[in-house]
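Asker: structure here, sequence nowhere to be found:
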């Protein structure tokens, strides 16, 4: 695969999603090289000078007052990396790790870190040849950078740590050698420049965003199916209602659901004479809830796109004014807030989906659907416990959606006395989106069973194509069977956008000017 050339400061969400989903190799636009070289030269000069410059010729954190001799700068940087390799827990998956490496390239490529071009070139080579550092997923508080995770990444660059190469987990030096690469000796500030930054948190948050957006798309399909399954009204989707409120996401969700349901015989069959005055909120308020979630995801997307293009280490080299200045761009508060926003959207999409499932399996509310959507109920339990599973997943996501950004704690002898907790705020999104995909998968199965119960009436042509696609892999539930594989298959179809892909582009929502719909 041809490497993706990225211009630091101008990278889009679509570019970043390609790195993640396609595991694309990355090259920094060579137009960035002069700035990178100038900053590295400024740091090299400072390392030989007598003035104390944090991280260049001093210790770190609370030890910043300790001056380091010029002859010891290489040892200083190596020791920094080794001492910070303190991550624990399950390794980060390779796709997210590669995205993290790509983000680090973008940050260094801004020409404000003072890291030599050859360091960036080694990261590029690792991405190109498939040397993927093993990154323990726990250990960052999201301030002073994602220190531990990024140290594990950097360890491989200096021939330490562990990496995955050709499917095997081996030592960093061995992985580099097998790939025909050589470890690097870190120069002044280079270790610090590599481990300061928000790239672990940002990568995990971006993955959460990409997956959440796919699932938000899928809810438009499952919600439309559920509306027809319970013979719900489409009057609450009328454009005038949503234009009077004005929220972009709400207006778009209503429009798309109207389009998806156009031509439904089921809908036309109960326009007249239906004794129900109003549907429950999980049907009637779908545009208001899903639309608000869409808007929230877009807000998070804007933050994360900016962060992906940012220089976030410390100190920063301001070449134009010939200064190396300590600041706090490593503090991941924006990422923490974005992760919390994504978590809220994921939890709410699951909450309203679960209520639609509960509606369809309850014979007192489902408008003549059989109890638990079972054929011969009593002898068969149908979707009874599948609904219970979604209740468990919904509840788990509610707990996980509690904010992480408000949970600061002082570290590093109170030098780092306010931290963002962005790392685990972002990392939890993977678990939450997995839960949501299973909730939506069960809704898909229930809604299609409900629509098939309305035969010979048919749903809309668009939704008929969705039903046909599911039935290629999951047969109708004529009698109770081992259901776990069906639930997993449905969740896989939701995650993969297979169901969404049967619809036209006009039926889809866009993340914004930078579209990460995949």
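Answerer: That came through, no problem. Every value quoted in this text rests on a predicted model; they were computed, and no experiment measured them. Numbering: from 1, shown residues only.

Asker: how near is the residue nearest in space to the middle of the chain to residue 214?
Answerer: Taking C-alpha atoms, centre = their mean as the criterion, residue 208 is the residue nearest the geometric centre of the chain, at 1.8 Å. For residue 208, the distance to residue 214 (C-beta to C-beta, to the nearest Å) stands at 11 Å. Using the backbone N, CA and C atoms, a C-beta is placed for each residue, glycine as well.

Asker: secondary structure element holding the residue nearest to the centre of the chain?
Answerer: helix 199-229 (DSSP states H and E).

Asker: could you give the mean pLDDT of that helix?
Answerer: When pLDDT is averaged over helix 199-229, the result is 97.

Asker: quick one: that helix to chain centroid distance?
Answerer: Relative to its chain's centre, helix 199-229 lies at 10 Å (C-alpha atoms, centre = their mean, to the nearest Å).

Asker: ditto for stretch 219-233
Answerer: So, by C-alpha atoms, centre = their mean, the centroid of stretch 219-233 is 27 Å from its chain's centroid.

Asker: and it, what's buried?
Answerer: Neighbour-count burial for stretch 219-233, with 16 or more other C-beta atoms under 10 Å as criterion, is recorded at 219-233.

Asker: cool, stretch 409-419 as well?
Answerer: Buried, per 16+ other C-beta under 10 Å, within stretch 409-419: 411, 412, 416, 419.

Asker: between the two ends of that stretch, how far is it?
Answerer: 6 Å (C-alpha to C-alpha, to the nearest Å).

Asker: quick one: furthest residue from the center of this protein?
Answerer: residue 273 (46.0 Å).

Asker: so it, which of the three states?
Answerer: coil (DSSP: H, G, I helix; E, B strand; the rest coil).

Asker: from now on call the first residue 182
Answerer: New numbering, starting at 182: the last item is residue 454.

Asker: now it: how far from residue 464?
Answerer: When residue 454 is compared with residue 464 (using C-beta to C-beta), they lie 19 Å apart.

Asker: determine the number of other residues adjacent to residue 277.
Answerer: For residue 277, the tally of surrounding residues (other C-beta atoms under 10 Å) stands at 22.

Asker: that one sits in which helix or strand?
Answerer: Per DSSP H and E: helix 275-289 holds residue 277.

Asker: how much space separates the nearest residue to residue 388 once chain neighbours are set aside from residue 503?
Answerer: Counting by C-beta to C-beta, 6 or more residues apart in numbering, residue 388 lies nearest to residue 277, which is 5.2 Å off, once chain neighbours are set aside. As judged by C-beta to C-beta, residue 277 and residue 503 stand 38 Å apart.

Asker: which parts of the stretch 382-531 of the chain are strands?
Answerer: For the stretch 382-531 of the chain, applying DSSP state E, counting those that start in this stretch gives strands covering 497-499, 504-506.

Asker: who touches the first one?
Answerer: In other words, strand 497-499. Outside strand 497-499, the residues that touch it by C-beta atoms under 8 Å, 6 or more residues apart in numbering are 220, 223, 224, 292, 293, 294, 295, 504, 505, 506, 508, 510.

Asker: so which of those belong to helices?
Answerer: Counting by DSSP state H, the contacts of strand 497-499 place 220, 223, 224 in helices.

Asker: who wins for most neighbours among those?
Answerer: With neighbours taken as other C-beta under 10 Å, the top of these is residue 220, carrying 26 neighbours.

Asker: related to what we said a few turns ago, these two touch, right, the residue nearest to residue 388 and residue 385?
Answerer: Yes. Using C-beta atoms under 8 Å, residue 277 makes contact with residue 385 at a distance of 6.2 Å.

Asker: for residue 184, what are its contacts?
Answerer: Applying C-beta under 8 Å, 6+ apart, the residues near residue 184 are 205, 206, 207, 208, 305, 308, 309.

Asker: how about those, which pair is most distant?
Answerer: 205 and 305 (11.7 Å; C-beta to C-beta).

Asker: ends of stretch 633-651, what's the gap?
Answerer: One end of stretch 633-651 to the other measures 13 Å (C-alpha to C-alpha).

Asker: sorry, back to before: in a markdown table: the buried residues of stretch 590-600, plus pLDDT.
Answerer: What follows is the buried residues of stretch 590-600, written out as a markdown table (pLDDT from 0 to 100):
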| residue | pLDDT |
| --- | --- |
| 592 | 87 |
| 593 | 83 |
| 597 | 81 |
| 600 | 90 |
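
Asker: same list (the residues you listed) but as a markdown table, adding distance to residue 327 and secondary structure.
Answerer: Output for the buried residues of stretch 590-600, formatted as a markdown table (distance: C-beta to C-beta, whole Å; DSSP: H, G, I helix; E, B strand; the rest coil):
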| residue | distance to residue 327 | secondary structure |
| --- | --- | --- |
| 592 | 13 | strand |
| 593 | 14 | coil |
| 597 | 13 | strand |
| 600 | 11 | coil |
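
Asker: between the helix holding residue 389 and helix 275-289, how many degrees?
Answerer: 130 degrees (axes from the mean of the first three to the mean of the last three C-alpha atoms, to 10 degrees).

Asker: before we move on, the earlier item: tell me which of residue 205 and residue 305 has more neighbours.
Answerer: residue 205 (21 against 18).

Asker: wait, the more buried one sits on residue 199?
Answerer: Yes. Between residue 205 and residue 199 a contact is recorded at 5.0 Å, counting by C-beta under 8 Å.

Asker: low-confidence regions, the stretch 182-331 of the chain specifically.
Answerer: Confidence mapping of the stretch 182-331 of the chain against pLDDT under 70 gives the ranges 182, 243, 245.

Asker: helices of that one, start to end?
Answerer: Taking DSSP state H, counting those that start in this stretch to define them, one finds helices in the stretch 182-331 of the chain at 194-203, 214-229, 254-265, 275-289, 298-310, 328-338.

Asker: residue contacts, residue 323?
Answerer: Counting by C-beta under 8 Å, 6+ apart, residue 323 has contacts 379, 382, 512, 513, 516, 517, 600, 601, 602, 603, 604, 606.

Asker: could you find the closest non-adjacent residue to it?
Answerer: Closest to residue 323 by C-beta to C-beta, 6+ apart is residue 603, at 3.3 Å.

Asker: give the burial count for that neighbour, as a bare number.
Answerer: 32.

Asker: and it, what does it touch?
Answerer: With C-beta under 8 Å, 6+ apart, residue 603 has these contacts: 321, 323, 379, 382, 386, 513, 514, 516, 517, 520, 585, 586.

Asker: that older thread, now render the ones in helices among the contacts of strand 497-499 as CSV, adding distance to residue 449.
Answerer: Below are those laid out as CSV (distance: C-beta to C-beta, whole Å):
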residue, distance to residue 449
220, 67
223, 72
224, 71
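
Asker: mind listing the helices for the stretch 582-699 of the chain?
Answerer: 603-634, 642-652, 665-677, 679-682.

Asker: ranking those by burial, who's on top?
Answerer: Most buried of these, by mean neighbour count (mean count of other C-beta atoms under 10 Å): helix 603-634, with a mean of 25.

Asker: these two touch, right, residue 509 and residue 493?
Answerer: No. Contact criterion C-beta under 8 Å: residue 509 and residue 493 do not qualify, at 9.5 Å.

Asker: out of these two, which sits in the busier spot?
Answerer: Comparing residue 509 with residue 493 by other C-beta under 10 Å, the one with more neighbours is residue 493, at 30 against 11.

Asker: how close does that one sit to residue 383?
Answerer: With C-beta to C-beta as the criterion, residue 493 and residue 383 are 8 Å apart.

Asker: check residue 370 too.
Answerer: For residue 370, the distance to residue 383 - C-beta to C-beta - is 21 Å.

Asker: what do you get for residue 614?
Answerer: 17 Å.

Asker: then residue 392?
Answerer: Counting by C-beta to C-beta, the gap from residue 392 to residue 383 is 15 Å.

Asker: which one of those two is surrounded by more residues?
Answerer: Counted by other C-beta under 10 Å, residue 392 and residue 383 do not tie: residue 383 has more neighbours, with 34 against 22.

Asker: OK, contacts around residue 320?
Answerer: Contacts of residue 320 (C-beta under 8 Å, 6+ apart): 267, 268, 269, 270, 328, 329, 330, 604.
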